[in-house]
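Participant: Generate coordinates for the sequence data below:
(chains A and B)
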Amino acid sequence: MRKTRDAPMKLPELKQRTQEAWKYFHEATGTVAARSLKDEVRAHFGDLRRRDTWIRALASFEARFHRAACLDAWSLITHSFNVTPDRWDYEIRHEFFEAFLQLPDGLELLKMGLEQLFTDFTAEEQECDGFLELVAEQRERRGFDAIGFVGRQQPALAATAS
Amino acid sequence: MDLLEDNSQLSQRRRVDGAIVNRDFRAAIHRSGGSQRAYPRAVIAETEELFDCGVDDLYQATGGRKGDRSTLPEAAQKAYMASEIRATHELDDTEFYNCENNDQIDQRIVSTTREVAKETRRWLPW
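Facilitator: Below is the predicted model of the structure:
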């Protein structure tokens, strides 16, 4: 049984994680930030004193970092979004996933990843329980199947997620 | 290790491609204690060293389809394979002493991957 993190991230850790995600995003895209992180967060995500501002910023930078580093789409399913309670990003998993879906090719990459995973991989290598749970929770959270691939791509996937 | 005396190595038989090599590499990162950021950071580091660019640049410049490494030119796929095979063994052979937290372990994984990719690049024709 994996150890679950004891408590939600406090603001200093959120800020630290955001700073890292911002740095890794720029490394991944070979870009230089035009302004400071605080200015960037304030301009796009709102009041710096609010926790939800930093959660949205972290999720957005983390999503763009994982997209930029995506060499193989299947790794989004088995790695990036295969979130489990022991991971620090578990508590921001929905914001992370939704930020990824907002990216122009986010949904397309996830679909491609599922297709690769259930075409080329052995059953053992297809382990993505954290992803399936996330998708099922998303369906509850959004009130509809916003992702659209559960039930169409892979019957076993639909059975597990429902 | 003597391959012929290692039954665990001899029992695995199937066609090996870039995806299988990459899965082993990712598993080695996991065994080393890397966080969820270690793998994407390692991919960025190896891509920079092997090709002097980012992942998106590589796909765009070569006309590949983002997210599907089998659409990259064969030479690029081979470069990743060579580097990731070496990095897998290097990570498995390395004990990450004096690492106090995940971030330090991640950094060591990324550095190891980068060094291996740098050495691999010397063997490549570009």
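Participant: what about the chain, any weak spots by pLDDT?
Facilitator: Using chain A. Across chain A, the stretches falling below the confidence threshold (pLDDT under 70) are A:1-3, A:6, A:144-162.
Participant: right idea, wrong chain: chain B
Facilitator: Residue ranges of chain B with pLDDT under 70: B:1-4, B:6-11, B:98.
Participant: which stretches of it form helices?
Facilitator: B:7-10, B:18-31, B:38-51, B:55-62, B:74-93, B:102-123 (DSSP state H).
Participant: Between these, which one is closest to A:Gln102.
Facilitator: helix B:55-62 (17.3 Å; C-beta to C-beta). All C-beta atoms are positioned from the backbone trio N, CA, C, and that covers glycine.
Participant: If you count contacts, what does that closest one end up packed against?
Facilitator: Here helix B:55-62 touches helix B:38-51, going by 3 or more C-beta pairs under 8 Å, 6 or more residues apart in numbering or on different chains; DSSP states H and E.
Participant: and the helix it packs on, what does it pack onto?
Facilitator: helix A:11-29, helix A:51-68, helix B:18-31, helix B:55-62, helix B:74-93, helix B:102-123.
Participant: now the angle from it to helix B:74-93?
Facilitator: Orientation check (axes from the mean of the first three to the mean of the last three C-alpha atoms, to 10 degrees): helix B:38-51 against helix B:74-93 gives 130 degrees.
Participant: Nearest spatial neighbour of B:Phe96, chain-adjacent residues omitted?
Facilitator: B:Arg108 (5.0 Å; C-beta to C-beta, 6 or more residues apart in numbering or on different chains).
Participant: can you check A:Phe61 too?
Facilitator: A:Phe61's closest residue in space is A:Ala21 (C-beta to C-beta, 6+ apart), at 3.7 Å.
Participant: just to revisit the earlier point, need the helices of chain B in a markdown table with mean neighbour count, can you?
Facilitator: Converted to a markdown table, the helices of chain B look like this (neighbours: other C-beta atoms under 10 Å in any protein chain shown):
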| stretch | mean neighbour count |
| --- | --- |
| helix B:7-10 | 8 |
| helix B:18-31 | 19 |
| helix B:38-51 | 23 |
| helix B:55-62 | 17 |
| helix B:74-93 | 18 |
| helix B:102-123 | 18 |
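Participant: now the ones you listed in a markdown table, with distance to A:Arg139?
Facilitator: Below are the helices of chain B laid out as a markdown table (distance: least, C-beta to C-beta, whole Å):
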| stretch | distance to A:Arg139 |
| --- | --- |
| helix B:7-10 | 41 |
| helix B:18-31 | 28 |
| helix B:38-51 | 26 |
| helix B:55-62 | 30 |
| helix B:74-93 | 35 |
| helix B:102-123 | 31 |
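Participant: just so I know, which of these lies nearest A:Gln16?
Facilitator: Of the helices of chain B, nearest to A:Gln16 by C-beta to C-beta is helix B:102-123, at 9.6 Å.
Participant: which residues are in contact with that closest one?
Facilitator: By C-beta atoms under 8 Å, 6 or more residues apart in numbering or on different chains, the residues outside helix B:102-123 that reach it are A:20, B:29, B:32-35, B:37-38, B:41-42, B:45-46, B:48-50, B:79, B:82-83, B:86-87, B:90-91, B:94, B:96, B:98-99.
Participant: OK, contacts around the residue nearest to A:Phe61?
Facilitator: Taking C-beta under 8 Å, 6+ apart, one finds A:Leu58, A:Phe61, A:Glu62, A:Phe65 in contact with A:Ala21.
Participant: Residue numbers of chain A in contact with chain B?
Facilitator: Counting by C-beta under 8 Å from any C-beta of the partner chain, chain A comes close to chain B at A:20, A:24, A:27-30, A:65-66, A:68-76, A:79-80, A:87-89, A:105, A:109, A:112-113, A:116, A:120-121, A:125.
Participant: With that, I have no additional questions.
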